[in-house]
Structures are given as C-alpha cells and as structure tokens.
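Chemist: Quick one, structure for this:
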Amino acid sequence: MHRWLLLAGAVLMPACLPDFPERPQVPRSVTDDGIPDDQGLEDEGLPPGDGPPGRDAGPVDARPPEPDVVGGCDVIRPSVPAVRFRLWPGDDAGERTLTIAGGCPPVVVAAAPPWLVVDPGGDALTLKLSPAGLPPGRSNEGLTLQDALGNTLTVPVVVDHFASGPSPAREPKALVIAVGGLQRDIPPTLAYLLDHGAQALDAAQPTLQRPGLWAGLLTGVEAGRHGVDAEPARVRVPSFPRRARDAGHPALVATQYAPLAQPMLAEDLGEAIVAGDSAATRGALLGALQANQADLFILAGDQTVGVTDGDADVLLGAVLSRPTYAQEDWLFVVVGVTPGQPTVPLGFARPGSPPAGLGPRASALDVAPTVLRHLKIDLEPGWQLPGDSPFGGTEADCADRLDDDGDGRIDCRDADCADRCNLSCVDLDVGMASGVLARGLASQNRFSGEACGGGDAPEVTVFWTAPSTDEWLIHADGTTFNSILYAAAGDCDGEEIACETSLYGRPEFFDRDPGGVRLQAREGRSAVLVVDGQLFTNGGEIQLSAYGRAAECRLATDLGQGLGVVSRGSNMGTPTRLPPREGDGACTGGGTIYATGDLLFRWTAPENGTYRFSTAGSSFDTILRLYGGRCDTLALLACNDDAVGVTSSIDANVAAGTVVMIAVSGYWQSGNGGDRGDYQLSIERR
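Modeler: Residues are numbered from 1 along each chain as shown. The predicted model follows:
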C-alpha cells in the first residue's frame, strides 16, 4: 500500500499572449497536422476503445519523459499517459482517477497546476478541476510525481475550457462541421457540442440528392434558387462563405466531397476551397487555424461519421490552443447532410450562451443566416435567406418598416409578425420579385381605394416587397379592362401611399389606359398592391408588373464603343420599364409623348465628339431618349419623337469614356405605324 502526500504547488502566472502573424490572403495547404495520436487518453469518462478510431487530441505530447531511476525501484507507471478534461461554463467537468504503480514508496505529488485539485485515495489519485483561475482555451500542464528516492514522473493534464473571454469586443469566428450521414447515433465530440448548444435533433432538411443538399446548406436557399440537383452543377447564388469573404471575413471550406470544389463552388470561392481525404482536409483547416488565416472555417465531412468526429476533435483542440482564443467569440456549428432523411441533427454552440432547444421551425437552412449574423454581417433583404437564427431576437414593431432584429426580414415579412399583420385581403404573395409580378382573373371585390375610387369593381390584391432600394414603376399594363392601381404600406390595414388611374396619362376615359404608380421604396419594405377596375367594369384578366429604375439601367444591353448600326431586333413583348411621360415637354420633334416597350442600351463614347443616335430604318413609331449619370442617379439628357417621319434621332456632344443609356421606345397606341415592330439603332460620329 502506497502512502500519498499532497504538496502545494507554486502559483503559475499566465504568459503574455503572442500576436498572430499577418493573415495571408490565400490559405496554405497543410497535409499533416504533426500531432502524435494518443489512443490511451482518458477522454470524457470514456474507457479506452470507446472513442472514434485514430482520434487525435490536438497539440498534446502524451509521451512521458523517461525517468532517471535510482535506488533499484521500478519506474513510476501511470495508468494513462495523459489526463484530459473538457469543461463548458456551468458544467461539472467530473473527476478522473489516476492509478500509479512502481516507484519507491512513498510516492507523492511534487507539483500540480493551480487549477487542479488532487485527492489521495489508496493506490489512486482522484483529480478534479477548480475552475477558479483556469483560463479560457486549452491548458496543458504537468502533474509531477516523486518517490522516496527522488525519482520523478510528469503526467500531462490537458483541459479544454470552453469559456468566453472577458472582453466584450471579442472578434467573431466560426467553425462549421457539416457531416454526411449524421443521424441520431451521434459520436462523442459532435455530441458534446450539440449538448452544449442551441440544438434540435430533428431539424428539417430538403428532400434532395446529395449535391442539392450540400448546395442548400452552403447557400442557405432552396433548390429552386441555388439550381443544383445533380452533378456537375454550379450554384446560381453566392454561398454564405462567399458572402462572409465579401464582407471582409476570409473563409476556408475543406471537403471530402470533390464536386463541392469543382465545379459547384469553384467560381464562388476559388482557392478558398480545398478537396481531399480526411487527412488533407483536416490538415488544411488545422494549418489555417494555427496561422490565423480565416474567420470562418468549414469542414464538409462527406464520409464516415466516426472519422469526421476524430477530425472535429483535432480542430476543436486547435481552436482552443490559439493564443488569442480569449479575445475571440467562437461559434461552433454541427449539422447533418444526409440524403434520404427529412430531418437531421443541428446545433449552434457558443461559449457564453447556455444550452437550449431550437424551435419547431429549425432547419438546416438556418446555418447560413446564423453564421453570417455571428460574424456581424447585416443580412440584406435581397439575399432572401429563408432560415432563422437562434441568437437573433424578434421583430419588435411590425409597422415601423425597419428590420428590428437584423435577420434580413422586415415587418410582415418576418415570421415573428405572423399573428400581428393583417394579410387577409391578399390574393397572392410574390415575395421580392420584379418584372411581371402576377397574372390572373379579377373576380372579387374586397378592397377599395380611398383616393381614386374602385367602388364595386373586382380586383386582384398582391403582397410585394421591394428587392432593392430604387424608384419603382409599378403598373397594370397588359390588363384587359380599364384599371386603377393603388398601394397600401405594410399590410391590408396600412396607409394608402399611392393611387393612380392612368399609367400613360391619356385623357380619354375609355382608352383602357392601365393604372400605374411610381414608388420610392427601400429594400425589404413591403406593400399591398391592388389592381382594381374603374366604374362600370366587370373584371377580366389582370397583369401587374414592377420595374426599378436603377435595376433596369444595370440590365441594359452593353454596346461597348460600337459605331454604325449597333443593334437590330424587335420590341414585341418588351414591357414598359421607364415612366412613359418622362421627357414630355422637353422632347423635340413631336407633341406629348407616351413611351412604351422600352429597349435599353448602354454605350461608351470612344473619343470626344458629336454623335448622332438614330432609329432610322425602324418599322414603327419610335421615341428616343438619352440618359447620363450612374444608374442610381440616372438623369434624362435629351429626347426626340419624330425626326424623320415617325423615326427619331438625337445629336449630342459626348466626352471620351462617358457612358450613356439609350432608351428606344414605341409611341403607345400610335395610329401611325403602331408602337411595336422591328427596330434599328445606329450611332454615327458627326
């Protein structure tokens, strides 16, 4: 029987934290973490062999030094080569038992870390943590034993302390571990994170094949928008790592699923995506973590769950070993990506946030908005991310036309306002669409405009949200009856903000001039749009459209610096995209203008000079307008209606390199040549 004596150890002062080197622009490829495997670690109370095969504990040297043995006694032999703890704030880390054999009795504790409490007990030591004085991150110190003749042995004691640092201005970082095949049978490392986060074991995921699932997770949108359902394919919208990178937060994606790197995200992320086996992907992320090369790290582990769990264990150790861990705010994400499964485990673990359950609407699509918001990136409404964040709060006011909780959804667009918004009058929710919003039959009368009538005529009511901040032309051109258009802010009870009986402004009552309004709308703000019939109207087919002035300018066809005939074609089916009366009163060659069927072009002057812009050779009555300035400050420069017959031309002095926008339009309901047909646009130096 050994006798044990406990000696007080000296208080250890924390070392100064070294600075990371300047962050390189491109992550290095690291293929070997250089860390020895430690199969014998006593980890989270698991007996040897219960952990995933080949698991690596991170930067821990578990090989005890060879003792200098004197006196003929056996060497001091510990039951495990190293002792390991995991501690999340508020949890009891439990205790570890260290049994010692050999040595010349009595064997005593010669030195111990100040945060370790050692209780003797027969042939064994009981080790407990004292969180007071234990710094955040990974601590790796030695417990030194000494026998009666002075022989010593130091056993490493490793503590992963998932605590938040003291500074409120900590730098946000995120590690996302996405695991193919992850279901209810969750291995130890991933289970530890799920147990300490906001988690749902039955979070919804789309019922797609493997490529579509990975694309949905990394873009945060549904398959109809990311456009991936088979291999090979490219995502149609930016991934959330791309959005993070564009906002100044470098990201690295390491995956064992090669199609993610080529071609699915190749154009999206470039060199910030690494594909390979477990060792290659783990090494890439490990090197980037140790060199501070990114703010967002993603392991897309599309292989054996147990192997991915071992990789996750190594990466967590690397996070906690960072010299700046106490100055960082880490978010750990665990999510399953499992084909054929309608639900998967999902969890967001953040040191400093207590464990919780995600709500019934939890979805794998929640990963993108949660990570972006953690990185302090404002979600743009135009991104249309349908997921939610467990750390986001709620929309406080459903009528202030502001994004109170910063989740990219404003007022009645936010699910928080589902029971506080009146949308009972709405026939169709078109989201953040532009162009043609709706077509349908007007057959009911439930909503009447206060400013310009409508009375008992039938209507169609649409709920619409502006996809960008712009001046919006919203009209009912294409409707088969004489219509009125009006708009209410927010919901059916909102204030009426516009009402017009005429888009083209023709004075004749029975011209079937459709309703149309111009709205200055900020991105994400919603309105109820009503296409109503004027008096004596029995209804019919409606068409409702919305065109943003700056947005349409950006979509203009680029003619470069071309001269001569620069474009030919037809304006059949082309919508009215600019205000029809814009330029009226300043337009040369004719009287009042009513422009429709707008074709838009962008042209750059090759040199200083006077240029003639002409529609000569067109088969219909044209209107020609010239605009200058950036798209968001577009200004009309000149307008012409009838220069030669019913075709148009403008002479303008343009400086070299100046970009102008050209609008070729038809004269609405023209009795001389009509407003539709073949056009020809030419530009000549005068």
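
Chemist: so what pLDDT did the residue nearest the centre of the chain get?
Modeler: Centroid check for the chain by CA atoms, centre = their mean gives Phe240 as the closest residue, at 3.8 Å. The model reports Phe240 with a pLDDT of 96.

Chemist: what about the residue lying closest to Pro514 once chain neighbours are set aside, neighbour count?
Modeler: Distance criterion CB to CB, 6 or more residues apart in numbering; nearest residue to Pro514, sequence neighbours excluded, is Ala476 at 4.1 Å. From N, CA and C alone the C-beta is placed, and that goes for glycine too. Using other CB atoms under 10 Å, Ala476 has 28 neighbouring residues.

Chemist: and what of Pro187?
Modeler: Applying other CB under 10 Å, I find that Pro187 has 22 neighbouring residues.

Chemist: So for it, what's the nearest residue that isn't a sequence neighbour?
Modeler: In space, Pro187 is closest to Asp309, 3.8 Å off (CB to CB, 6+ apart).

Chemist: ok so that neighbour is a helix residue?
Modeler: Yes - counting by DSSP: H, G, I helix; E, B strand; the rest coil, Asp309 is part of a helix.

Chemist: how close does it sit to Val344?
Modeler: 15 Å (CB to CB, to the nearest Å).

Chemist: And for Gly674?
Modeler: 58 Å.

Chemist: Then Asp202?
Modeler: From Asp202 to Val344 the distance is 8 Å (CB to CB).

Chemist: quick one: low-confidence parts of the stretch 501-650 of the chain?
Modeler: 507-511, 535-537 (pLDDT under 70).

Chemist: which stretches of it form strands?
Modeler: Here the stretch 501-650 of the chain has its strands, by DSSP state E, counting those that start in this stretch, at 516-521, 526-533, 540-548, 557-558, 564-570, 595-604, 609-614, 622-628, 635-640, 649-654.

Chemist: How many residues are close by the residue nearest to Pro187?
Modeler: 24.

Chemist: What of Ala132?
Modeler: 7.

Chemist: Within the helices and strands, which one has it?
Modeler: Ala132 is part of no helix or strand, with elements assigned from DSSP states H and E.

Chemist: where's stretch 549-563 relative to the chain centroid, distance-wise?
Modeler: 29 Å (CA atoms, centre = their mean, to the nearest Å).

Chemist: May I have that stretch exported as PDB, CA atoms only?
Modeler: Taking Å, rounded to 0.1, in the frame of the first residue of the first chain, the C-alpha atoms of stretch 549-563 are listed here in PDB:
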ATOM      1  CA  ARG A 549     -35.200  52.400 -62.500                       C
ATOM      2  CA  ALA A 550     -31.600  51.700 -61.400                       C
ATOM      3  CA  ALA A 551     -32.100  48.000 -61.700                       C
ATOM      4  CA  GLU A 552     -33.300  48.200 -65.300                       C
ATOM      5  CA  CYS A 553     -30.400  50.600 -66.100                       C
ATOM      6  CA  ARG A 554     -28.000  47.900 -64.800                       C
ATOM      7  CA  LEU A 555     -29.600  45.300 -67.100                       C
ATOM      8  CA  ALA A 556     -29.200  47.400 -70.200                       C
ATOM      9  CA  THR A 557     -27.500  45.800 -73.200                       C
ATOM     10  CA  ASP A 558     -23.900  46.900 -73.400                       C
ATOM     11  CA  LEU A 559     -23.000  48.200 -76.900                       C
ATOM     12  CA  GLY A 560     -19.400  48.900 -75.900                       C
ATOM     13  CA  GLN A 561     -17.900  51.700 -78.100                       C
ATOM     14  CA  GLY A 562     -19.600  50.500 -81.300                       C
ATOM     15  CA  LEU A 563     -20.400  52.800 -84.200                       C
END
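
Chemist: heads up, I number from 9, so please use that
Modeler: Got it, first residue is 9 now, which makes that one stretch 557-571.

Chemist: Point out where the stretch 109-258 of the chain drops to low pLDDT.
Modeler: For the stretch 109-258 of the chain (pLDDT under 70), the answer is 129-130.

Chemist: which residues in the protein form helices?
Modeler: 196-203, 218-227, 231-234, 248-254, 266-267, 274-277, 286-299, 313-328, 375-382, 557-562 (DSSP state H).

Chemist: Would you mind giving those helices as CSV with distance to Asp629 added?
Modeler: Below are the helices of the chain laid out as CSV (distance: least, CB to CB, whole Å):
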stretch, distance to Asp629
helix 196-203, 68
helix 218-227, 46
helix 231-234, 40
helix 248-254, 46
helix 266-267, 53
helix 274-277, 44
helix 286-299, 63
helix 313-328, 67
helix 375-382, 50
helix 557-562, 22
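
Chemist: Relative to Gly448, which of those helices is closest?
Modeler: Across those, Gly448 has its closest neighbour in helix 231-234 (20.8 Å, CB to CB).

Chemist: Which elements pack onto the closest one?
Modeler: helix 218-227 (3 or more CB pairs under 8 Å, 6 or more residues apart in numbering; DSSP states H and E).

Chemist: still on that earlier bit, look at Gly682 and Val352 and report which has more neighbours.
Modeler: Val352 (26 against 15).

Chemist: got the contact list for the more buried one?
Modeler: The contact partners of Val352, taken as CB atoms under 8 Å, 6 or more residues apart in numbering, are 190-191, 211, 213, 343-346, 372.

Chemist: Pull the distance from stretch 533-544 to the chain's centre.
Modeler: 34 Å.

Chemist: Equivalent analysis for stretch 309-317, please.
Modeler: 25 Å.

Chemist: Would you mind putting the CA coordinates of that stretch into CSV?
Modeler: The C-alpha coordinates for stretch 309-317 follow below in CSV (Å, rounded to 0.1, in the frame of the first residue of the first chain):
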residue,chain,number,x,y,z
GLY,A,309,-17.2,15.8,-43.9
ASP,A,310,-18.9,13.7,-46.5
GLN,A,311,-17.5,10.4,-45.3
THR,A,312,-17.6,8.0,-42.3
VAL,A,313,-19.1,9.8,-39.3
GLY,A,314,-16.6,8.4,-36.9
VAL,A,315,-13.6,9.7,-38.9
THR,A,316,-15.2,13.1,-39.1
ASP,A,317,-15.7,13.1,-35.4
